[in-house]
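S.K.: I would like to see how this sequence folds:
(2 chains)
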There are 2 protein chains.
Amino acid sequence: MSLSLYDVSVPVFVRSLGNLAAILEKSRAFADAQGISHTELLDARLFDDMAPLTAQIQRASDTARFTAARVGQVEMAPIADDETSFDDLQARIAATIAALKAVPATCMDGREDAEVILKTPKKDVSFTGKTYVLNFAVPNFFFHVTTAYDILRYRGVPVGKLDFLGGI
Amino acid sequence: MSLSLYDVSVPVFVRSLGNLAAILEKSRAFADAQGISHTELLDARLFDDMAPLTAQIQRASDTARFTAARVGQVEMAPIADDETSFDDLQARIAATIAALKAVPATCMDGREDAEVILKTPKKDVSFTGKTYVLNFAVPNFFFHVTTAYDILRYRGVPVGKLDFLGGI
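M.R.: Residues are numbered from 1 along each chain as shown, chains lettered A, B, ... in the order given. Below is the predicted model of the structure:
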């Protein structure tokens, strides 16, 4: 029993968002080198009814911030989903990392069994702090970061697993 | 301090592998309904130099089992990468889940700061039990499960986020 809910969420998200920022920089450079418009890449998606790159990054940001808010009961400033450029997305990632780094490491202590409600369009879903982090937040966060990566790979951006994992 | 390294890895992998098995069943049914050959779907990939669906599932299985072996020091029987059908992949997932469920919940206790070596083709990478689980195993596991999902979505399989997350 050596880890807190904070340990397995907030620093993990910070690390991965930093990796995502570096992948986005490589993607911007690739687009410029290949003459691909930035908008084309930001709007790219794997299938018609899947969310595009920009939305994948927005959802990763939300998943990370909302975990701190819902489990850690920390105030998180809203961020509008209005990014239309690589600069905008980098600013959102930077703001997300800054907000997460400001979260006290103790904020989730004792919240393991507390009720955490996720409001979805169809219904309210009830979790405990522990099941919210492990069954929803961590999988959902990596879902969106991986799908952002997969969209960029699908469009030919030359990144690899080590970009996703960061310096190991 | 309420979670163990086991809590944030083994049961999380078991849950996600169960979701992956259900997604694969829907994919098989989709292929049959659409007259798509199983091999075509199992060999599908997002980009020429990315691994296909079958390999994504093999790597998710390995990441989960090797975490128990390396961090928990639990013996894990090797599994050959020889799957060529949906049945084979389901058997691999089932074997992985069974092996993970047999792991004692205490196996990673006290292993937070122990050295864990990851041998890669280029170099040996040194982790602690904690950094292996949080910086490598969990992100890498969800990378491969998400990419399997993304490949299937890209090929039109009608699954959604709730299939990925499982019953929440």
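S.K.: from now on I want contacts and neighbour counts done on CA atoms only, so please keep to that.
M.R.: Fine.
S.K.: give me the phi and psi for A:Ala77.
M.R.: phi -60, psi 140 (degrees, to the nearest 10).
S.K.: what sits closest to A:Thr67 if chain neighbours are left out?
M.R.: Distances taken as Cα to Cα, 6 or more residues apart in numbering or on different chains put A:Ala137 closest to A:Thr67, at 6.6 Å, once the chain neighbours are dropped.
S.K.: how much space separates the one you found from B:Phe66?
M.R.: 23 Å (Cα to Cα, to the nearest Å).
S.K.: same check on A:Phe86?
M.R.: Taking Cα to Cα, one finds A:Phe86 at 37 Å from B:Phe66.
S.K.: residues from chain A in reach of chain B?
M.R.: Residues of chain A that fall close to chain B, judged by Cα under 8 Å from any Cα of the partner chain: A:1-5, A:8, A:12, A:46-47, A:109, A:112, A:125, A:134-136, A:139-140, A:142-143, A:146-147, A:150, A:153-156, A:165, A:168.
S.K.: go ahead and confirm A:Leu100 touches A:Thr67.
M.R.: No: checked against Cα atoms under 8 Å, the pair A:Leu100 and A:Thr67 is beyond contact range at 9.8 Å.
S.K.: who's more crowded, the two?
M.R.: A direct count of neighbours by other Cα atoms under 10 Å in any protein chain shown for A:Leu100 and A:Thr67 places A:Thr67 higher, at 26 against 23.
S.K.: and the helix or strand containing A:His144 with helix B:138-154, angle?
M.R.: Here A:His144 is covered by helix A:138-154, with elements defined by DSSP states H and E. Following axes from the mean of the first three to the mean of the last three Cα atoms, to 10 degrees, one obtains 60 degrees for the angle between helix A:138-154 and helix B:138-154.
S.K.: gap between helix A:138-154 and the chain center?
M.R.: 9 Å (Cα atoms, centre = their mean, to the nearest Å).
S.K.: what do you get for stretch A:9-24?
M.R.: With Cα atoms, centre = their mean, you get 8 Å for stretch A:9-24.
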